[in-house]
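In: Quick one: sequence and predicted model below, then my questions.
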Amino acid sequence: MKSRIAFIALVIGAVISTAVPASAGVNYNSGACVEFADTLEPIAVIPVGCELWDCCPGCPGNFINWRIRVSGDTLESVVFQFDNLSAEAKRFLKIKGKARWEGNALRVEPGETVVSGFKYDPRALPPVATPRLFANKRILSRLRDELAQHAVASRDGQMEVVVEQSMGKYVINEARVHYNVTKCAGPFGNTDHIALANNIGNDDAVVLFDAHPRSGNCIEDVFRRGKEIIFMGDLNPGACKTEAMIFSDDNAMALITPTWTDSLFDKEPVTLGKILIAPVAVWFVDNDPGIRNRAWWGISWADYYYNQNNVGIAFSPTYTDISTNTNAVQLLDGTCNVNMIKASGFYRPNQLNVYYVNSLSLFARGRNCESDPNIIFIARTADEGTLAHEIGHALSLSHPNDSPAIDGIGMENIMYSGATGRTNLTIGQALRMNLNAKSMLNVNHVRLGFVRDCDDRTESGICPKLSVDSTPK
């Protein structure tokens, strides 16, 4: 039987200001249990530019340099596939180190490489790079033999890619991708299985299920992972609740009630649907010159967090500038005057409405109106997780750290109140955003189908704990 391994990716982003160096982390975990492969594709995108809205004011010039460090005996090279990088912009780039262009992809070998001359334009879509790691097949073969005997491979199984972006002498962004090769637990080959179709990107899907195994009592909230064939063990009919929910990047969540029989090799075919696209009306109330850039990044980060955490939701924005409309500015001051807002021309029904304003009371970075969760305010002080946080409220989630606090939810969680560097959403939260009747996803008819009522602090046969999650992601 082939060994299986887990590739665990950690990406950390940091910003250093122009005055006193200080880091602000973006931390998330991601990965997959997969067969040995020599190409690893982390769930990570690295945009060219700053992580702060104002992007290093006072820094000399407006060119950005990338310092790329590739390390780990297992790594042969890293390929950065660039999007939004024009041929003209590419011609201005200079490379120092072991790297070469392959079309719009840059292949970088181990060691240190500097790519200089990225043009910074806050008004334009920034180039975005997706790294793919190519491993040494000979070393992977040796690691496979090690993992057949031990749960953890030697240090040869560690690989790291660091991209440090600087403008002049100031570091403005940093990303780190780290892989550690370990053995996955518990193979379930040649048993009852789910056969996935239309798994876009062939991502490692997460299955959360309840069932009755041949031996033992009912099992609830158990995880399996896989790409096409997901072996579930020997499951049987019985009095136990039988249900499975499937989460995958780039696809909508699927809810099925499998029919397991006494056969050892039942096949349950599932065709995954396309990711759900929620329309968002974005209104520029603030006259800040950088507001369009802030709004674009807010939507982009929300898209990214909701996809890489397997929620199955993406966002389609329309942008409207009403900052010169006196009536709009007076009405949309961050106060939840819901009836007046809905009666105005500055509200679109049956979709999320996001208003970018100068500031909010009580130093809030964002606000969601409880009497109409379709209304969201975002202040200038917002960080990259603020819009994703407020959308979480609109989709029925609360603060896990409100009293009584929910165990197992840390400060890295998108919904944690008052924290920074929030990047994670649990499968328990993804389930609620998709299935809760009061989620704007269902209220606005973006999602059609079966609903339930699972409060964040409710745990029952149909409502798993909010902290239930699949590790690695």
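Out: All right, it came through fine.

In: How much space separates the closest residue in space to Gly273 that isn't next to it in sequence from Gln429?
Out: Leaving aside its sequence neighbours, Gly273 sits nearest to Ala252 (CB to CB, 6 or more residues apart in numbering; 4.2 Å). Glycine gets a C-beta too; all of them are placed from N, C-alpha and C. Using CB to CB, to the nearest Å, one obtains 16 Å as the distance from Ala252 to Gln429.

In: mean confidence score for the strand ranked longest in the chain?
Out: Criterion DSSP state E: the longest strand present in the chain is strand 170-183. Strand 170-183 shows a mean pLDDT of 74.

In: list the helices and strands that strand packs on?
Out: Applying 3 or more CB pairs under 8 Å, 6 or more residues apart in numbering; DSSP states H and E, one finds that strand 170-183 makes contact with strand 4-13, strand 128-135, helix 137-149, strand 158-167.

In: what stretches of the stretch 351-473 of the chain score poorly on pLDDT?
Out: Applying pLDDT under 70 to the stretch 351-473 of the chain flags residues 471-473.

In: again, but for the stretch 1-150 of the chain
Out: The stretch 1-150 of the chain contains residues with pLDDT under 70 at 1-44, 51-61, 121-124, 140-141, 143-150.

In: which residues does Cys454 contact?
Out: Applying CB atoms under 8 Å, 6 or more residues apart in numbering to Cys454 gives the contacts 431-432, 435-436, 460, 462-463.

In: Same check on Ile194?
Out: By CB under 8 Å, 6+ apart, the residues touching Ile194 are 207, 224, 226, 229-230, 232, 244, 246, 258, 268-270.

In: Ok, Gly238 next?
Out: 212, 218.

In: swap the cut-off to 6 Å and go again
Out: Counting by CB atoms under 6 Å, 6 or more residues apart in numbering, Gly238 touches His212.

In: got it, and Met232?
Out: Listed by CB under 6 Å, 6+ apart, the contact set of Met232 reads 192-193, 224.

In: which of those residues lies closest to Trp283?
Out: Sorting the contacts of Met232 by how near they are to Trp283, with CB to CB, puts Arg224 at the top with 43.1 Å.

In: burial measure for that closest one, as a count.
Out: 21 (other CB atoms under 10 Å).

In: May I have the beta-bridge partners of it?
Out: Beta-bridge partners of Arg224, counted by DSSP bridges, are Val207.

In: Hmm, it is touching Val206, no?
Out: No. Look at Arg224 against Val206 with CB atoms under 6 Å: they stay out of range, at 8.1 Å.

In: Mutual contacts of those two, please.
Out: Residues touching both Arg224 and Val206 by CB under 6 Å, 6+ apart: none at all.

In: what about the closest residue to His393 other than its chain neighbours, distance to Trp301?
Out: Spatial nearest neighbour of His393, chain neighbours left out: Asn368 (3.9 Å); criterion: CB to CB, 6+ apart. Taking CB to CB as the measure, Asn368 falls 17 Å from Trp301.

In: Same check on Asp203?
Out: 20 Å.

In: And Ile277, by the same measure?
Out: Here the criterion is CB to CB. By it, Ile277 lies 17 Å from Trp301.

In: So if I had to pick from these two, which one is more boxed in?
Out: Trp301 (21 against 12).

In: In contact with the residue lying closest to Gly385 once chain neighbours are set aside, which residues?
Out: Using CB to CB, 6+ apart and skipping the chain neighbours, the partner closest in space to Gly385 is Arg422 (4.0 Å). Arg422 sits next to 385, 414, 416 when contact means CB under 6 Å, 6+ apart.

In: tell me the secondary structure for Arg422?
Out: Under DSSP: H, G, I helix; E, B strand; the rest coil, Arg422 falls in the coil class.

In: still on that earlier bit, could you dump the contacts of Met232 to JSON lines with pLDDT and distance to Arg69?
Out: Formatted as JSON lines, the contacts of Met232 follow (pLDDT from 0 to 100; distance: CB to CB, whole Å):
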{"residue": "Asp192", "pLDDT": "90", "distance to Arg69": "46"}
{"residue": "His193", "pLDDT": "91", "distance to Arg69": "41"}
{"residue": "Arg224", "pLDDT": "90", "distance to Arg69": "36"}
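
In: Out of those residues, which comes closest to Arg176?
Out: Nearest to Arg176 out of the contacts of Met232 is Arg224 (CB to CB; 29.5 Å).
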